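> What follows is a protein structure lacking sequence information:
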């Protein structure tokens, strides 16, 4: 399944890359893209983790920058 989420407070492209790399470590994530300019997160993931994917992605981003929000 593929979904796009709006993000807030992604401060720089380097932070976006670090968030993307952290999200890619989550089991069941097929692909992830954090776009700093559009403040969007594109996730492709296994349907079996659909219920938990947003919470896990939020936690991964908070490790990098506690002000970042994923709206979904």
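Sure, I can see it. Bear in mind the structure is a predicted one, so any value in this text is a computation, not a measurement.
> mind listing what residue 42 touches?
Contacts here follow CB atoms under 8 Å, 6 or more residues apart in numbering; on that basis residue 42 touches 2, 3, 4, 5, 31, 32, 33, 35. Yep, even glycine has a C-beta here, placed from its N, CA and C like the rest.
> Ignoring the adjacent residues along the chain, who's closest to the last one?
For residue 35, ignoring the flanking residues on the chain, the nearest one in space by CB to CB, 6 or more residues apart in numbering is residue 16 at 6.9 Å.
> Ok, the first one next?
When the adjacent residues along the chain are set aside, residue 2 lies closest to residue 44, with 4.5 Å between them (CB to CB, 6+ apart).
> that's a strand at residue 43, yeah?
Yes. Under DSSP: H, G, I helix; E, B strand; the rest coil, residue 43 sits within a strand.
> That one reaches residue 28, doesn't it?
No. Applying CB atoms under 8 Å as the test, residue 43 and residue 28 come out as separate, 10.1 Å apart.
> what is in contact with those two at once?
By CB under 8 Å, 6+ apart, residue 43 and residue 28 have these common neighbours: residue 53.
> of the two, who's got more company?
Using other CB atoms under 10 Å as the criterion, residue 43 and residue 28 rank with residue 43 on top: 23 against 13.
> tell me how far stretch 20-39 is from the chain's mean position?
Using CA atoms, centre = their mean, to the nearest Å, the mean C-alpha position of stretch 20-39 is found 5 Å from that of the whole chain.
> Give me the secondary structure label for residue 32.
Assigned with three-state DSSP, residue 32 falls in the strand class.
> Next one: the residue located most distally from the centre of the chain from residue 4, what distance?
Residue farthest from the centre of the chain, counting by CA atoms, centre = their mean, is residue 48 at 17.4 Å. According to CB to CB, to the nearest Å, residue 48 and residue 4 sit 20 Å apart.
> need the contact list for the most centrally placed residue in the chain.
The centre of the chain sits closest to residue 57, judged by CA atoms, centre = their mean, with a distance of 4.7 Å. The contact partners of residue 57, by CB under 8 Å, 6+ apart, come to 5, 23, 26, 32, 41, 43, 70.
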